[in-house]
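# Can you look at this prediction? I've put the sequence above it.
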Amino acid sequence: MSEHERPRAVLDTDIIFSRVLHELVGRIAAELRLLDLFWSEQLLAEAQRSPVEKKQLPPESAQRWVDYLRLSFPGRTHRP
């Protein structure tokens, strides 16, 4: 399947923050190349803010997670 034939998915914050779902979808995209992943800066900001506010995750941990996404999937920011 070529890059232009793969389905595209915009990940919302529930998927971005869920380690299980993110790893599953990430593997489907990165290893199997069956899906192209995208997100917006607004979604990444929410994914960073939400676990700090709702689950008392340290801000540094949330920042590392968002930085990991940007590093692991460069060029995936979707601009509406």
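Ah, there it is. Numbers count the residues shown, from 1 in each chain.

# Now do the contacts for the spatially most central residue of the chain.
Note on the chain: the residue nearest the mean C-alpha position is Ile16, at 4.3 Å, using C-alpha atoms, centre = their mean. Residues in contact with Ile16, defined by C-beta atoms under 8 Å, 6 or more residues apart in numbering, are 22, 39, 43-44, 47, 69. Every C-beta, even on glycine, is put in place using the N, C-alpha and C of the backbone.

# 7 Å instead?
For Ile16, the contact set (C-beta atoms under 7 Å, 6 or more residues apart in numbering) comprises 22, 39, 43, 47, 69.

# Save those as a markdown table, and put in distance to Gln56 and secondary structure too.
As requested, the contacts of Ile16 are arranged in a markdown table below (distance: C-beta to C-beta, whole Å; DSSP: H, G, I helix; E, B strand; the rest coil):
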| residue | distance to Gln56 | secondary structure |
| --- | --- | --- |
| His22 | 20 | helix |
| Trp39 | 24 | strand |
| Leu43 | 21 | helix |
| Ala47 | 16 | helix |
| Leu69 | 21 | helix |
